[in-house]
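Novice: sequence and predicted structure are below.
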Amino acid sequence: MGLSDFQHEIYLGGLGDVRPEFPTDLSTLEAVAEERLDPQAFGYVAGAAGSGATARANREAFDRWRLVPRMLRDVSGIDLSVNVLGTPMPAPVLLAPIGVLSILHPEGEAAVARAAAALGVPMLLSTAASRTMEEVAEAAGPRWYQLYWPKDRDLAESFLRRAEAGGYEVLVVTLDTFKLAWRPRDLDTAYLPFLRGIGVQNYFSDPVFRAAVGGEVTEENQTGAILHWVANFGDPTLTWDDLAWLRGRWDGPIVLKGIQHLDDARRAAYAGMDGIVVSNHGGRQVDGAVAALDQLPKIVDTVGDRLSVLFDSGVRTGADAAKALALGAEAVLVGRPYAYGLGLGGEAGVRHVLRCLLAELELTLALCGAGSVRELGRDLLA
């Protein structure tokens, strides 16, 4: 069946007493990662805003939807392939942008890029990466660039020029993190990687940023450079009118990430954006917010004919991905699971997570009677 052959590989390995090094139930990765990873690094990735109510709501929303399998349909060949905003994909799955990945593994985003490239899965590189976008581009396959829009417009434009030169095909602008939320897990340990010089590598390597801090960032001027980063990271003055500036400086598709309200989805369509990601940042920004999955079907119904609707926040398994796709998402972004895989096993850990998720997604479609992603619909949900 293709991607799901991974399970046969595992079973055959068992004949030689070889068992998977990492869990195959991806929903258990967090518990394993908590046992094995550095507590501060794990807390940064696993943490959520406030009491964690939004992160819990994301998972509870998936549990409220149930798949309703259909029988006696020809599923001898399963086609997961899609083309999203001009990017061919072996399955409607992308790696969500996560910053500071070197706190989990020394190779950070480079290891993630290699694992994704091996499987043809697109990677969204975070502006807050711990490797520069040029370094990651050398290792990556299909790649999109995620922008944290800084106050300094010259710096923002420089990021866009560098991303374009690096072959990043789609621009994804995260709207919901112009300020970091109240995150008790990080606050209790007083841990913010950026202040330690981690996750600022795209800034420190940028010519506009360097000019502002007096040249190349060294040990001598790093404190001043970090303070300049703090002053410029997010821009709370941004409005819908500013999207015209962005459109004038990026030739490819533009996607707005962090859309939860129907009116914002409409405004994205009116503004001529190419896509949106229905997302609450995995519960990391607003405590007590609505579950992203609860908003997905109504947003798809409202703007799905005008722009590409993608989804993230709470996806842990192939079955989760199938539910979001059945509710109308063109593709899903997976975040924390691959980060835990990175922390547990570097590139091999990320590749394991992706192979598990893709195999389970393919099997879920087959066992529900859907021969392709295009056959997934709300008639298969209850």
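Specialist: Structure received.

Novice: so who does the spatially closest residue to Ala289 that is not a sequence neighbour touch?
Specialist: Nearest non-adjacent residue to Ala289, counting by C-beta to C-beta, 6 or more residues apart in numbering: Thr54, 4.5 Å away. For every residue, glycine as well, the C-beta is placed using N, CA and C. Taking C-beta atoms under 8 Å, 6 or more residues apart in numbering, we find Thr54 in contact with 48, 280, 283, 285-289, 291.

Novice: filter these down to the buried ones, PyMOL style.
Specialist: Buried residues among these (16 or more other C-beta atoms under 10 Å), as a PyMOL selection:
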select buried, resi 48+280+283+285+286+287+289+291
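
Novice: the contacts of Thr54 in strands, which ones?
Specialist: Among the contacts of Thr54, DSSP state E puts none in strands.

Novice: among the contacts of Thr54, name the ones in helices.
Specialist: The helices, defined by DSSP state H, take in nothing from those.

Novice: thinking again about what came up before, against Asn280, how distant is the residue nearest to Ala289?
Specialist: 6 Å (C-beta to C-beta, to the nearest Å).

Novice: again with Thr218
Specialist: Taken as C-beta to C-beta, the span from Thr218 to Asn280 is 39 Å.

Novice: likewise Gly224?
Specialist: 34 Å.

Novice: okay, now Tyr145: neighbour count?
Specialist: Each residue near Tyr145 was counted by other C-beta atoms under 10 Å, and the total is 30.

Novice: OK, contacts around it?
Specialist: Contacts of Tyr145 (C-beta under 8 Å, 6+ apart): 124-125, 127, 133, 159, 163, 166, 168, 170-172.

Novice: where does the residue nearest the centre of the chain land on pLDDT?
Specialist: Nearest to the geometric centre of the chain sits Ala96, at 1.0 Å (C-alpha atoms, centre = their mean). pLDDT recorded at Ala96 is 98.

Novice: next: Met1.
Specialist: Value for Met1, per-residue pLDDT: 58.

Novice: now do Ala116
Specialist: Confidence score, pLDDT, at Ala116: 98.

Novice: go on, Gly43?
Specialist: So, for Gly43, pLDDT stands at 98.

Novice: near it, how many other residues are there?
Specialist: Other residues close to Gly43 by other C-beta under 10 Å number 18.

Novice: so it is in which element?
Specialist: helix 39-46 (DSSP states H and E).

Novice: list the buried residues for the following helix or strand past that helix?
Specialist: Note on helix 39-46: by DSSP H and E, the next helix or strand toward the C-terminus is helix 53-64. Across helix 53-64, burial judged by 16+ other C-beta under 10 Å covers 53-55, 57-59, 61-62.

Novice: so Ala129 sits against Glu109, correct?
Specialist: Yes - Ala129 is within contact range of Glu109, at 4.8 Å (criterion: C-beta atoms under 8 Å).

Novice: distance check, the closest residue to Leu67 other than its chain neighbours against Leu361.
Specialist: Excluding the flanking residues, the one nearest Leu67 by C-beta to C-beta, 6+ apart is Cys368, at 5.5 Å. Taking C-beta to C-beta as the measure, Cys368 and Leu361 are separated by 11 Å.

Novice: which residues are common contacts for those two?
Specialist: Ala322.

Novice: which one's more surrounded, the two?
Specialist: Set Cys368 next to Leu361 and count neighbours by other C-beta under 10 Å: Leu361 wins out with 26 against 21.

Novice: distance from stretch 275-289 to the middle of the chain?
Specialist: 12 Å (C-alpha atoms, centre = their mean, to the nearest Å).

Novice: same question for stretch 192-201.
Specialist: 19 Å.

Novice: just stretch 314-334 next, same as before
Specialist: On C-alpha atoms, centre = their mean, the centre of stretch 314-334 falls 12 Å from that of its chain.

Novice: over to it now: how far is its first residue from its last?
Specialist: The separation between the terminal residues of stretch 314-334, taken as C-alpha to C-alpha, to the nearest Å, is 8 Å.

Novice: in the stretch 201-350 of the chain, which spans are helices?
Specialist: Applying DSSP state H, counting those that start in this stretch to the stretch 201-350 of the chain gives helices spanning 201-204, 207-212, 222-232, 243-247, 262-270, 292-303, 318-326, 336-367.

Novice: send me the third one as CSV with only the CA atoms.
Specialist: It refers to helix 222-232. Taking C-alpha atoms only, helix 222-232 is exported to CSV below (Å, rounded to 0.1, in the frame of the first residue of the first chain):
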residue,chain,number,x,y,z
GLN,A,222,25.5,39.7,22.1
THR,A,223,23.6,41.3,25.0
GLY,A,224,22.9,44.4,23.0
ALA,A,225,21.9,42.3,20.0
ILE,A,226,19.4,40.3,22.1
LEU,A,227,17.9,43.5,23.5
HIS,A,228,17.5,44.8,19.9
TRP,A,229,15.8,41.5,19.1
VAL,A,230,13.4,42.0,22.1
ALA,A,231,12.6,45.5,20.8
ASN,A,232,11.8,44.3,17.3
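
Novice: helices or strands next to that helix in the packing?
Specialist: Counting contacts by 3 or more C-beta pairs under 8 Å, 6 or more residues apart in numbering; DSSP states H and E, helix 222-232 packs against helix 201-204, helix 207-212.

Novice: show the average pLDDT along the shortest one.
Specialist: So the one you mean is helix 201-204. Here the average pLDDT along helix 201-204 is 98.

Novice: equivalent analysis for the longest one, please.
Specialist: Along helix 207-212, the predicted confidence averages to a pLDDT of 98.

Novice: list of residues touching it?
Specialist: By C-beta under 8 Å, 6+ apart, helix 207-212 touches 152, 154-155, 157-158, 203-204, 216-217, 225, 228-229.

Novice: ok, stretch 111-118 next?
Specialist: With C-beta under 8 Å, 6+ apart, stretch 111-118 has contacts from 95, 101, 105, 122-123, 125, 136, 139-143, 338, 342, 346-348, 350-351, 354.
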